[in-house]
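[1] generate coordinates for the sequence data below:
(2 chains)
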Amino acid sequence: MIDADERALMEKSVHAAIADAREADEGADVDAVLAQLGWRELLRDEPGDAIDIVFRALGATNATATALDDVLVSALAREPRADLAVLLPRFAAWDPPGRIDGGEVRAQSLATARADAAEVLVVCGAPSEPWSVAIPTASAEIRPLRGIDPGAGFRSVRVQGSAARAVRVDPAAWRAAVALGRRAIAHQIAGACRAMLDLACAHAKERVQFGRPIARFQAVRHRLAEALVAVEALDAALTAARETPSPETAALAKALAGRTARTVATQCQQVLAGIGFTSEHPFQRFLKRTLALEGLFGSADDIALDVGRQLLAARRVPTLIEL
Amino acid sequence: MAFSKTGLPDSRAADVADFRAALHAWLDANRAELAPRHGPPWTLDERVAQMQRVKSILFEAGWMQFGWPERVGGRGGSPMLRTELGAALAARDLADPGLFSLIEVLAPTLIDFARPELAAEVVPHLLSGTELWCQGFSEPDAGSDLASLRCRAIPDNARTASAWVIDGQKVWTSLAQYSDRCVLLTRTGPADSRHRGITAFFVDMDAPGITVRPLEMINGEREFAEVFFDGVVVPADRMLGELNGGWAVAMSILPYERSSCFWQKVAFLYQRLGRLVELAPGDDRAAEVVGNAYLQLHALRARSRATQHRLAETGTLGAETSIDKVLVATAEQATYDAVRRLLSGMIEMDDGAAAEVWRAEYLYSRAATIYGGTAEVQRNIIARRLLGLGSDD
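    Okay, here's the model as predicted:
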């Protein structure tokens, strides 16, 4: 693990590189920027830090990349490559999406934009005895998914192919893939939450009504304070997930990310008022991105229910992290 | 009774994890002796007696001294060691964390601001359970706005000031009726001098002129009291800190209150949620409620952990602990809201011993957003100091 100063420095430089590229050209290839920064090498050497730093920067800049494929591929014990994409779990779920039916692999789920150009798509299935198989993208039906946030770059994918080359996957590997995916998305949401809060605070200080900046009104201040409490708690949970990595700490961080995004978006949108309701203000892009991301690997509600079921089944409450 | 000092780790070598393991092994071995003398519901008298008994056992065995400086009879080492001790007691339901962690808001004040001889004399009494102390801060007209306090201290002789005479009233003073001493904030400057004219004293509660009138709380307990001071004479060498330097004394407590005390509270809330999942129905409605309460506790635990480490590294904490305060209050209320929702009728319509405890704690939890600085005051601090929104006037 790298130390805090190094991490802060890397966060800054990754953020700046993405922001600069997008300022020069809004449609800049962010994957190329990440490749140039050595993303895959960092993912191999320091996976925890790599995921945290890169996804937070993606969230903070509202950039779209396909780095999630690399995260999942590496957790599934394959070598990440620019032409290797993974079929994501269905929205609001975390089971592997594929099933085998009469010797055929079938699946309908989500993928990143990498699916367009990749040669093969890694499809996993069966949560209890997971398997994975590489299906040529030529035989997949891939279409862009607009949804609430067309800029998020998700694809709707339907695959059908031979199950002959399906191989067993260690169940722990799939759980690890979900855990890393959750951390990645939670960081991306956290970055977006900070961005929304920054926008709302800046607006509150500039916007004058009744002869003073609205930031002077306690009703406004308390909304923004509530948002910061949520953002800080999420950051603490993400630090815990990095320092004490486990499927549980990752799941809780992801659930908190979903909750935090709703709190922050609600409070900030109210403070931004009319301007925050327009397409010209950047707020709406972060709002929509967090909504699109929240369902990946399970929403806050889905995860809270799942965690609650586990606690009730075990009839005990693990503390997970210690001083 | 003699308790074995074997198994005590070396405070300087003590890695927190090693300390925790050794501590829990010792607590396991002495389980029977430490357990409350009888079952619930416990009166406040019984809870206070249990806490003092546990402190005396732990002091005799050497555990209470970890994390406290050697010049007040401690064994040194990181303050995190004593936090671990308080958390272990809370997790095992051996001492009420709200009462036990008062040590954290009293002993450091003496260590940092009393004459060294006085601190060396009295701090061991607090740690060993020989004495109880209270904190006389709030007044009827000085709650969230502590700097407006009016309880007066006047020198007995303007020239020599060998003693101070105190007149006034305190309120919400926890455990005042049990206490041997009080860390008291008084007005020594002009009436409008606010935080510049406050001085702290260490007052013996048996001094003539002190009247304690316990107040009954919403849950029927008499944990806090009104304390009246009528011409109470306090020797000048009992002044804590500088004359008119009482605000610094009051503020110095915050890092301890917001780190160690909170971590102990977190341990206690995990214990209570653990008890809830033992008793709750196994359906999905319960799973949703429990899962969401756990989520909030985890966020709080993660935040509080980070705060302890920041304090250990930098030696100081500031306005950012208002975040911790909001989180701990919210999580405490969420935990007991979950209890009320899932143990149907337990809080409202059950006279069993277990229900008495749940009910008292449920009602007490409603104050979590009020005491120690209201949720609104915390949000004001967050807005001004952390979000940089400027002044609100």
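[2] per-residue pLDDT of A:Ile2, please?
    Looking at A:Ile2, its pLDDT reads 82.
[3] nearest spatial neighbour of it, skipping sequence neighbours?
    Leaving aside its sequence neighbours, A:Ile2 sits nearest to A:Asp49 (C-beta to C-beta, 6 or more residues apart in numbering or on different chains; 5.2 Å). Just so you know, the C-beta spots here come from the backbone N, C-alpha and C atoms, and that holds for glycine as well.
[4] which element, helix or strand, includes that neighbour?
    helix A:47-61 (DSSP states H and E).
[5] from the chain's centroid, how far away is that helix?
    9 Å (C-alpha atoms, centre = their mean, to the nearest Å).
[6] mind saving the C-alpha coords of that helix as CSV?
    Output in CSV follows, covering the C-alpha atoms of helix A:47-61 (Å, rounded to 0.1, in the frame of the first residue of the first chain):
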residue,chain,number,x,y,z
PRO,A,47,-5.0,-2.7,-6.7
GLY,A,48,-6.6,-1.0,-3.7
ASP,A,49,-5.0,2.3,-4.2
ALA,A,50,-5.4,2.1,-8.0
ILE,A,51,-9.2,1.6,-7.8
ASP,A,52,-9.7,4.2,-5.2
ILE,A,53,-7.7,6.9,-7.0
VAL,A,54,-8.9,6.3,-10.5
PHE,A,55,-12.6,5.9,-9.8
ARG,A,56,-12.8,8.8,-7.4
ALA,A,57,-11.3,11.0,-10.2
LEU,A,58,-13.8,9.6,-12.7
GLY,A,59,-16.6,10.5,-10.4
ALA,A,60,-15.3,13.9,-9.6
THR,A,61,-14.8,14.8,-13.3
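[7] what's the neighbour count on the residue nearest to A:Ile2?
    By the criterion of other C-beta atoms under 10 Å in any protein chain shown, A:Asp49 has 19 neighbours.
[8] show me what residue of chain A gets nearest to chain B.
    A:Gly308 (2.8 Å; C-beta to the nearest C-beta).
[9] how about the contacts made by that residue?
    For A:Gly308, the contacting residues are B:284, B:286-292, B:294, by C-beta atoms under 8 Å, 6 or more residues apart in numbering or on different chains.
[10] check those residues against chain A, which are close?
    For chain A, the contacts drawn from the contacts of A:Gly308 by C-beta under 8 Å from any C-beta of the partner chain are B:284, B:286-292, B:294.
[11] ok, and the most crowded of those?
    Highest neighbour count within those: B:Tyr294, with 28 neighbours (other C-beta under 10 Å).
[12] buried residues, the host helix or strand of that residue. List them.
    According to DSSP H and E, B:Tyr294 maps onto helix B:284-314. Judged by neighbour count (16 or more other C-beta atoms under 10 Å in any protein chain shown), helix B:284-314 contains these buried residues: B:286-308, B:310-311.
[13] also stretch B:183-200?
    By 16+ other C-beta under 10 Å, the buried positions in stretch B:183-200 come out as B:183-188, B:194-195, B:197-200.
[14] tell me the contacts of the residue most central in space within chain A?
    Nearest residue to the geometric centre of chain A (C-alpha atoms, centre = their mean): A:Ile185, 1.6 Å. A:Ile185 makes contact with A:55, A:68, A:254, A:257, A:293, A:296-297, according to C-beta under 8 Å, 6+ apart.
[15] next up, phi/psi of A:Leu87, please.
    Dihedral pair for A:Leu87: phi -80, psi 120, per degrees, to the nearest 10.
[16] how about it, what does it touch?
    A:97-98, A:107, A:109-111, A:121-124, A:157, A:159.
[17] re earlier: can you pick out the most distant pair from the contacts of A:Ile185?
    The distance between the two most remote of those (C-beta to C-beta) is 14.5 Å, for A:Leu68 and A:Ala257.
[18] more neighbours: these two, which one.
    A:Ala257 (31 against 24).
[19] quick one, what contacts the more buried one?
    By C-beta under 8 Å, 6+ apart, the contact set of A:Ala257 is A:185-187, A:189-190, A:193, A:234, A:238, A:294, A:300.
[20] turn those into JSON lines, including pLDDT and secondary structure.
    JSON lines is the format used below for the contacts of A:Ala257 (pLDDT from 0 to 100; DSSP: H, G, I helix; E, B strand; the rest coil):
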{"residue": "A:Ile185", "pLDDT": "98", "secondary structure": "helix"}
{"residue": "A:Ala186", "pLDDT": "98", "secondary structure": "helix"}
{"residue": "A:His187", "pLDDT": "98", "secondary structure": "helix"}
{"residue": "A:Ile189", "pLDDT": "98", "secondary structure": "helix"}
{"residue": "A:Ala190", "pLDDT": "98", "secondary structure": "helix"}
{"residue": "A:Cys193", "pLDDT": "98", "secondary structure": "helix"}
{"residue": "A:Leu234", "pLDDT": "98", "secondary structure": "helix"}
{"residue": "A:Leu238", "pLDDT": "98", "secondary structure": "helix"}
{"residue": "A:Glu294", "pLDDT": "97", "secondary structure": "helix"}
{"residue": "A:Ala300", "pLDDT": "98", "secondary structure": "helix"}
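[21] and which of these is nearest to B:Cys261?
    B:Cys261 lies nearest to A:Leu234 out of the contacts of A:Ala257, by C-beta to C-beta, at 23.4 Å.
[22] B:Glu361 and chain A: what is the separation?
    Note on B:Glu361: its distance to chain A, by C-beta to the nearest C-beta, to the nearest Å, is 16 Å.
[23] what do you get for B:Val326?
    Distance of B:Val326 to chain A, computed by C-beta to the nearest C-beta: 5 Å.
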